[in-house]
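Asks: here's my sequence, what's the structure:
(2 chains)
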Amino acid sequence: MSNPFKKITTNAETSKSAIHTRGQRTETSTSSESCKTCGAPRPKKTNLVTCDYCRQPFMAHVNFFKEDS
Amino acid sequence: MASKEELIQRWDSFLQKIEVRFNESLGHAEEACHEQLVATTYEYDTVMRSWSGMKAQVHVLIEKIDEVWVGKVAPEMEVLGDFAQDEGNKAYDLSHKLLYFLEDFQRKLEGELSQKFYDHAIQVANKKASCSQCNADLEIKKDIFRAQYISCTFCNTVNTIAPETKFIKIGWGIVDHIAALKTTPQYKAMTAAEEAIRAYRGKAPESFWTDYYKVYNTYWSAYFTERMALNTDLKERYDSDMARKHKEFENFKEIQTK
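Replies: Numbering: from 1, shown residues only, chains lettered A, B, ... in the order given. As a prediction, the model looks like this:
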């Protein structure tokens, strides 16, 4: 006997909004940023929010952010 | 015209059929959700939309109990005597039993689907990532679900790793459902203590509140600890989360005892 909820699962799949797939990343990317003003890289063990050399901001809305390792 | 015994027997048989159908429906729902999660290559949101539809149908089934009681059974029984009240209680009891069961079922289903999603999406962290400057291997952290800032041990470059969306999604609700599933025994102890208080309708003895606060704290502490184990960003929030829960408890107590 087929599952009586099959119609519901089919509907959920066919009626899904594009909002679910918009901007989705299917690959992991790696990059390194350098300061847009002075070109300096982000040194290890520093506050990642601002450039350690010229204090230009790298991030908005946070005061302090340290690297994850 | 049917006798009292015949009516009661027919009514009992109807309630039994509803319960059987309810259990069958949940079995089908569980199977359909798990199958769909794999078939859609782990589109958790799509599965949850399906579950909403299934749940709506299960609610219609539960509502049928009252519908049939009010529309058909009660008028027939009332003609034959004053036993209708007791039979009506059966409708109330079964509806509540099924609603509570449905709530538990959803908690379990969300937890199991989330665990399945987690096991799939966490594999992203096992894929190779390399330093953007010197190409040395980088290790993606398995307990941080946002962009990660990892320093290369060879050239000291701070790399920004933007993981796949599925991996990021683990941090949005998935860890919560897994933590909820893992702390089910504590949750049940908490809801039982809460039910005991509600049964007194605002007149529960103080010892009930002391017992409730104890299991309430145990549950939320266990829940937040489980979440932290999966998502280290949540460690910073533990104290404020517990303080918020303490405040919610105080508000609940005030409302109940006022």
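Asks: phi and psi next, for the most centrally placed residue in chain A.
Replies: For chain A, A:R25 is the residue whose C-alpha lies nearest the centre (Cα atoms, centre = their mean; 8.9 Å). Torsion angles at A:R25 (phi, psi; degrees, to the nearest 10) stand at phi -100, psi 120.
Asks: let me know whether it touches B:E164 as I believe.
Replies: Yes - between A:R25 and B:E164 there is a contact under Cβ atoms under 8 Å: 5.3 Å. Quick note: C-beta positions are derived from backbone N, CA and C, even for glycine.
Asks: residues in the stretch 151-258 of chain B within reach of chain A, list them.
Replies: B:151, B:156-165, B:167 (Cβ under 8 Å from any Cβ of the partner chain).
Asks: among the residues you listed, which two are most distant?
Replies: Distances among those were taken as Cβ to Cβ; the most separated pair is B:N156 and B:T165, at 29.2 Å.
Asks: thinking again about what came up before, just the buried members of the residues of the stretch 151-258 of chain B next to chain A?
Replies: When those are checked for burial by 16 or more other Cβ atoms under 10 Å in any protein chain shown, the buried set is B:151, B:157-165, B:167.
Asks: in chain A, what helix or strand scores lowest on average pLDDT?
Replies: strand A:29-32 (a mean of 90; mean pLDDT, DSSP states H and E).
Asks: distance between stretch A:28-46 and the chain's centre?
Replies: Once both centres are worked out by Cα atoms, centre = their mean, to the nearest Å, stretch A:28-46 turns out to sit 16 Å from its chain's centre.
Asks: list the buried residues for it?
Replies: For stretch A:28-46, by 16+ other Cβ under 10 Å, it's A:28, A:30, A:32-33, A:35, A:41-42.
Asks: in stretch B:97-107, what counts as buried?
Replies: The neighbour-count check on stretch B:97-107 (16+ other Cβ under 10 Å) flags B:98, B:101-102, B:105-106 as buried.
Asks: quick one: B:T183 and B:R227 touch, right?
Replies: No - using Cβ under 8 Å, B:T183 makes no contact with B:R227, being 9.6 Å away.
Asks: picking up where we left off before, among the buried ones among the residues of the stretch 151-258 of chain B next to chain A, show me the least confident.
Replies: Scanning these for pLDDT, the low point is B:T157. It has 88.
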